[in-house]
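Trainee: no sequence for this one, just the structure:
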């Protein structure tokens, strides 16, 4: 990764400079001005130059073949801004190229999944720990165990929503990153929907 990229990004001035423009063009980015602003936002975070260039070097491997590199950079910038402990996250990404690649794939493929990750950064640890598939009964049992600890209806709604969001992200990960067959993804979505409906019905009794 060319150090001139970082130098150009931290300088003041409108529009992408030559090295930045060339790099973004090689990635297939269509809106160079917006992508340049996204990169500047990342470069101006409390991140050392080596960590910034290392992260982009890892991301570049996926960005080159991603469906929308510009969207990925926008969501990556939003995510890095949202995490509570940026230094810790960058250390984990540096140690796990696979995690960086998975994030970039999701950030470039689905705004829905991107928003789920950005709004719940802790989901990264959860995804890394377990992306295995569960049937309807197993999903319901896990959800119901969490619901039993709820203090009131508001807590129940929060648990249901968080459980559904995280399970949808797991399914999306298995689709986008692991490339599981469409019929498997469809079965998992159906199982999750049935488990959520069952839990909601029991709570309403």
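Mentor: Sure, I can see it. Bear in mind the structure is a predicted one, so any value in this text is a computation, not a measurement.
Trainee: mind checking the SS state of residue 76?
Mentor: helix (DSSP: H, G, I helix; E, B strand; the rest coil).
Trainee: any idea how far it is from residue 66?
Mentor: Applying Cβ to Cβ, to the nearest Å, the value for residue 76 to residue 66 is 11 Å. For glycine as for every other residue, the C-beta is placed from the backbone atoms N, C-alpha and C.
Trainee: Break down this structure into its strands, ranges please.
Mentor: With strands called from DSSP state E, the chain shows none.
Trainee: Helices of that one, residue ranges please.
Mentor: Under the criterion DSSP state H, the chain carries helices at the ranges 3-10, 18-27, 32-43, 49-63, 69-82, 86-95, 97-109, 111-119, 123-129, 136-147, 153-176, 182-204.
Trainee: could I get those helices as CSV with mean pLDDT and mean neighbour count?
Mentor: Formatted as CSV, those follow (pLDDT from 0 to 100; neighbours: other Cβ atoms under 10 Å):
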stretch, mean pLDDT, mean neighbour count
helix 3-10, 76, 17
helix 18-27, 88, 17
helix 32-43, 89, 19
helix 49-63, 89, 18
helix 69-82, 94, 21
helix 86-95, 89, 15
helix 97-109, 92, 21
helix 111-119, 94, 17
helix 123-129, 80, 15
helix 136-147, 93, 16
helix 153-176, 92, 17
helix 182-204, 94, 15
